[in-house]
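K.L.:
sequence unknown, structure follows:
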Ligand code: CA
């Protein structure tokens with residue numbers, strides 16, 4: 001599931017520019033042209049992050065940020081403030097109401113995306129989907145591509161998620177329960193034998209390229225992705 005990023009911006013050209021760049025980076029953009037509408041969206045589904053313009057008609061960005069921070073169900077949503085103002089005291093005011101980062105217009109969309117990723121990495125690391133490489137293994141979670149030595153490997157969706165999880169956490173031993181929790185999610189009712197089944201399938205996928213050796217069984221403890 002791509003991360004939902006709510007953009008609150010009254011200038012539609014900027015709103016679209018941000019939305020397009022978010023989409024290209026594998027995020028799901030949601031749009032609001034004022035804070036009142038944004039509040040409605042947040043009331044229905046909590047976004048993973050909000051890009052919030054300061055100067056808005058009606059309720060301004062600072063006021064909206066304050067309201068979000070006062071509500072227990074919304075106070076943890078990371079916020080990146082946007083503004084045309086560049087004075088230091090405005091920056092401080094933005095950070096005082098609980099914004100996680102701050103960008104002054106005009107800004108490069110590339111830099112905004114980099115900052116969004118940085119904030120998510122800090123606050124919700126599982127939401128950042130970036131291609132990852134370990135020696136000969138290359139995995140792109142946005143395009144669902146796995147390659148070893150430049151050659152594409154066919155892999156099922158669950159094995160893909162499993163390998164992605166391992167590659168992001170190399171050399172750490174995970175118990176079956178931890179793997180279930182991280183890869184399948186809390187709501188899963190499947191038993192931990194399921195992990196063994198998918199580990200076997202994952203090794204089968206990686207056998208031809210010799211990468212199956214990287215998935216190690218640690219007796220009595222669980223599994224680990226071996227980096228060397
Ligand atoms: Ca504005």
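P.N.:
Alright, I've got the coordinates. Remember, predicted model here, so these are calculated numbers, not experimental data.
K.L.:
So which bits of this structure are right by the ion?
P.N.:
Within the chain, the residues that sit near the ion (Cβ under 5 Å from the ion) are 10, 53, 55. (Each C-beta comes from the backbone N, C-alpha and C, glycine too.)
K.L.:
Between these, which sits nearest residue 78?
P.N.:
residue 53 (15.7 Å; Cβ to Cβ).
K.L.:
Check the burial of the closest one by counting its neighbours.
P.N.:
26 (other Cβ atoms under 10 Å).
K.L.:
Might one say that it is in contact with residue 12?
P.N.:
No. At 11.6 Å, residue 53 does not count as touching residue 12 under the criterion of Cβ atoms under 8 Å.
K.L.:
Give me the neighbour count for the residue nearest to residue 45 when sequence neighbours are not counted.
P.N.:
Distance criterion Cβ to Cβ, 6 or more residues apart in numbering; nearest residue to residue 45, sequence neighbours excluded, is residue 4 at 7.1 Å. Other residues near residue 4 come to 18 when the count uses other Cβ under 10 Å.
K.L.:
Repeat that for the one 10 residues further on.
P.N.:
Using other Cβ under 10 Å, the number of residues around residue 14 comes to 18.
K.L.:
Tell me the confidence at it?
P.N.:
Looking at residue 14, its pLDDT is 95.
K.L.:
Surely it is within a helix?
P.N.:
Yes. Applying DSSP: H, G, I helix; E, B strand; the rest coil, one finds residue 14 inside a helix.
K.L.:
How about the chain: which residue is closest to the ion?
P.N.:
Residue nearest to the ion within the chain: residue 55 (4.0 Å; Cβ to the ion).
K.L.:
where does this protein have low pLDDT?
P.N.:
By pLDDT under 70, the low-scoring segments of the chain are 1, 85-92, 94, 125-126, 186-189.
K.L.:
which residues in this structure form helices?
P.N.:
Taking DSSP state H to define them, one finds helices in the chain at 12-24, 35-44, 61-70, 88-96, 109-123, 157-168, 176-179, 193-207.
K.L.:
what does the domain assignment say about the protein?
P.N.:
Domain assignment for the chain, taken from automatic domain parsing, gives 4-127, 132-225.
K.L.:
highest average neighbour count across the ones you listed?
P.N.:
domain 4-127 (a mean of 17; mean count of other Cβ atoms under 10 Å).
K.L.:
Ends of it, what's the gap?
P.N.:
Start-to-end span of domain 4-127 (Cα to Cα, to the nearest Å) is 9 Å.
K.L.:
how about residue 149, what does it touch?
P.N.:
By Cβ atoms under 8 Å, 6 or more residues apart in numbering, the contact list for residue 149 reads 136, 209.
K.L.:
How about residue 148?
P.N.:
By Cβ under 8 Å, 6+ apart, the contact list for residue 148 reads 136, 137, 138, 206, 209, 211.
K.L.:
and the two most separated of the residues you listed?
P.N.:
Across these (Cβ to Cβ), the longest gap, 12.8 Å, separates 138 and 206.
K.L.:
Can you tell me how far the residue nearest to residue 156 when sequence neighbours are not counted is from residue 8?
P.N.:
Nearest-residue entry for residue 156: residue 201, 6.5 Å, with adjacent residues in sequence omitted and distances by Cβ to Cβ, 6+ apart. Look at residue 201 and residue 8: by Cβ to Cβ, to the nearest Å, they are 43 Å apart.
K.L.:
Same question for residue 18.
P.N.:
10 Å.
K.L.:
which residues are common contacts for the two?
P.N.:
With Cβ under 8 Å, 6+ apart as the test, residue 18 and residue 8 both reach residue 51.
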